[in-house]
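Asker: Build me a structure from this.
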Amino acid sequence: MAYDTQLKEHARKLWEEGFRPEEVISTIRDYYSCTLGDKTLRRWAQTEDWEDWRQARKDRLGQHQDPSVVNGVSGIQDPILHLCSVFARRKVREHQNTHGTGESRVQITNNVLMDVATEYEPTPSIIEYLKPEIMTYISKLRESDQETGSLSLDPYISNT
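Answerer: Residues are numbered from 1 along each chain as shown. Take a look at the predicted model:
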């Protein structure tokens, strides 16, 4: 399977920032709706001479262990935006019409944004920021479904 250059660069960035292989795979799955194999990830790291994630992890953990400093432990610049974004992607994946063509991206996005607003009560600027991100994510999920030929879970839709 050929992987997108952006996906590969994102994987490399995470790897070299000290994320464990399973964390890289999970993040790639969340962002790109693509299952990346452990062997593929390790082969990229070896053949392209990526920096060792273990050493980067030690360095990163050593730098970010000051809870008295803003973002001193997590390193996340905007925690509310991060939580809203992760929650929104999860809600998109769970939405019953994401994987079909029955409901428009706008309707799904609005439903997801209502869930985000209810869960975290973000500012309007975060909601505006998330709209295009969610729309793009829905498109990527649907493209991925078409490429992999995923089955519909709706009992009224034929999978043949």
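Asker: lowest confidence element among the helices and strands of the chain?
Answerer: Among the helices and strands of the chain, helix 53-63 carries the lowest confidence by mean pLDDT, DSSP states H and E, at a mean of 79.
Asker: I'd like to know which elements that helix is packed against.
Answerer: helix 5-16 (3 or more CB pairs under 8 Å, 6 or more residues apart in numbering; DSSP states H and E). Placement of C-beta: from N, CA and C, glycine included.
Asker: which stretches of this structure have low pLDDT?
Answerer: Scanning the chain for pLDDT under 70 picks out 1, 61-67, 69, 72-73, 101, 148-160.
Asker: the longest helix in it is where?
Answerer: The single longest helix within the chain, with elements called by DSSP state H, is helix 124-148.
Asker: neighbouring contacts of that helix?
Answerer: The contact list for helix 124-148 (CB atoms under 8 Å, 6 or more residues apart in numbering) reads 32-34, 80-81, 84-85, 88-89, 92-93, 98-99, 101, 105-106, 108-109, 112-113, 116-117, 150.
Asker: Which of the residues you listed are buried, as a PyMOL select command?
Answerer: Selecting only the buried entries of the contacts of helix 124-148 in PyMOL, with 16 or more other CB atoms under 10 Å as the criterion:
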select buried, resi 32+33+34+81+84+85+88+89+92+98+99+105+108+109+112+113+116
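Asker: What are the structural domain limits within this structure?
Answerer: 5-63, 79-148 (automatic domain parsing).
Asker: Now tabulate those in CSV and tack on distance to Asn71.
Answerer: CSV is the format used below for those (distance: least, CB to CB, whole Å):
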stretch, distance to Asn71
domain 5-63, 11
domain 79-148, 8
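Asker: Between those, which one is closest to Val70.
Answerer: Nearest of the domains of the chain to Val70, taken as CB to CB: domain 79-148 at 9.9 Å.
Asker: to the chain's geometric centre, what's the distance from the closest one?
Answerer: Centre-to-centre, domain 79-148 and its host chain are 11 Å apart (CA atoms, centre = their mean, to the nearest Å).
Asker: Check which element follows the least confident helix or strand of the chain along the chain.
Answerer: As assigned by DSSP states H and E, the chain's next helix or strand after helix 53-63 is helix 79-94.
Asker: Counting by contacts, list what that following helix packs against.
Answerer: So helix 79-94, by 3+ CB pairs under 8 Å, 6+ apart, packs with helix 21-32, helix 105-120, helix 124-148.
Asker: Perfect, I'm done here.
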